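Enquirer: need a structure here:
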Amino acid sequence: MCIRDSSCTDTTKFLSDGKCVAVCPSGTIPQSKTCQPCQTPCATCVDSTSKCTSCVNGYNFIVSNNTCQSQCPTGLFLQSGNCVGCDTSVCKTCTGTPTNCTSCDSSSNTPFLLNNKCVPASQCPTNSFADTSTGTCRTCTSPCSTCKNQTSCTKCLLDGANQATYLFGDKCVVTCPAGSVAIGDQCLNCTAPCTTCSGGQSQCTSCRDPLAVSYTHLTLPTIYSV
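Expert: Numbering: from 1, shown residues only. This is a model prediction of the structure:
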């Protein structure tokens, strides 16, 4: 060991813990003929003490910029202790692989998450709707079979007793309300002058005054006694 004035007389070697070495130990890098320790949280580094190549326990290595962080930033996912970039052409965030999406870019052409893939609204299944508040294809709530949102049905399921339900406005009902009639899978309003109807919108079972029911489906004036 030949040391003079805190440096090695052999210009090919580096000073490390009072010794002259040909190669700096792991966790240090050669700078000005001495072995300088990497800055925490770098476990190893290259070119500078802050340019990490691996991290101490509790930190993850970010490949793209040679830094260490306790959590992977948005757009990166953890893989074997390294924060690796998601495929931003298909995902905003991801897990496990670059294309296994956990969220989607709302400004892209595929802003809705469906089974870990980002899809356009048109590809959300028929029993779901494109929910802009969550960025997902969200399943309709029973008894909706199709819907515009969580509270507005466009078609109805059978109820728990396997009984048909009808669409009335944007709600599903078992029995059509007074003033409407079941036509197909919907409750449609009776047409004037019917107050209530059966079998068809214009087949009155009661009428608005001063009209009365005609069982030949002709509307007749009400006859008042004097």
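Enquirer: export stretch 87-96 as CSV, just CAs?
Expert: Output in CSV follows, covering the C-alpha atoms of stretch 87-96 (Å, rounded to 0.1, in the frame of the first residue of the first chain):
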residue,chain,number,x,y,z
ASP,A,87,-47.0,0.8,-22.6
THR,A,88,-48.5,4.3,-22.8
SER,A,89,-50.0,3.6,-26.2
VAL,A,90,-52.6,1.4,-24.4
CYS,A,91,-52.4,2.1,-20.7
LYS,A,92,-52.2,5.1,-18.3
THR,A,93,-51.2,2.8,-15.4
CYS,A,94,-50.6,-0.9,-15.3
THR,A,95,-49.5,-3.9,-13.2
GLY,A,96,-47.5,-7.1,-13.9
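Enquirer: how about that stretch: buried residues?
Expert: Val90, Cys91, Lys92, Thr93, Cys94 (16 or more other CB atoms under 10 Å). Every C-beta, even on glycine, is put in place using the N, C-alpha and C of the backbone.
Enquirer: I'd like to know how far the third one sits from Pro177.
Expert: According to CB to CB, to the nearest Å, Lys92 stands 45 Å off from Pro177.
Enquirer: So which of the buried residues of stretch 87-96 is the closest to Cys72?
Expert: Thr93 (9.3 Å; CB to CB).
Enquirer: Which secondary structure state does Ser122 sit in?
Expert: Three-state assignment for Ser122 (DSSP: H, G, I helix; E, B strand; the rest coil): helix.
Enquirer: Local confidence estimate at it?
Expert: With respect to pLDDT, Ser122 scores 96.
Enquirer: Who are the contact partners of Ser152?
Expert: Residues near Ser152 by CB atoms under 8 Å, 6 or more residues apart in numbering: Asp170.
Enquirer: and the gap between it and Thr11?
Expert: 80 Å.
Enquirer: OK, contacts around Cys91?
Expert: Taking CB under 8 Å, 6+ apart, one finds Pro98, Thr99, Asn100, Cys101, Thr102, Ser103, Cys104, Asp105, Cys118 in contact with Cys91.
Enquirer: Next, report how far the helix or strand where the last one lies is displaced from the centre of its chain.
Expert: Secondary structure assigned from DSSP states H and E places Cys118 in strand 117-119. On the basis of CA atoms, centre = their mean, to the nearest Å, strand 117-119 sits 9 Å off its chain's mean C-alpha point.
Enquirer: Which other helices and strands does that strand contact?
Expert: strand 112-114 (3 or more CB pairs under 8 Å, 6 or more residues apart in numbering; DSSP states H and E).
Enquirer: what's the strand it packs on in contact with?
Expert: Contacts of strand 112-114 (CB under 8 Å, 6+ apart): 101-104, 118-121, 123-125, 128, 130-131, 135-137.
Enquirer: go on, stretch 46-66?
Expert: 29, 31, 36-45, 67-73, 76, 78, 81-85.
Enquirer: Apply 6 Å and report the result again.
Expert: 36, 38-39, 41-45, 67-68, 70, 72, 78, 82-83 (CB atoms under 6 Å, 6 or more residues apart in numbering).
Enquirer: What's the end-to-end length of that stretch?
Expert: End-to-end distance for stretch 46-66, by CA to CA, to the nearest Å: 9 Å.
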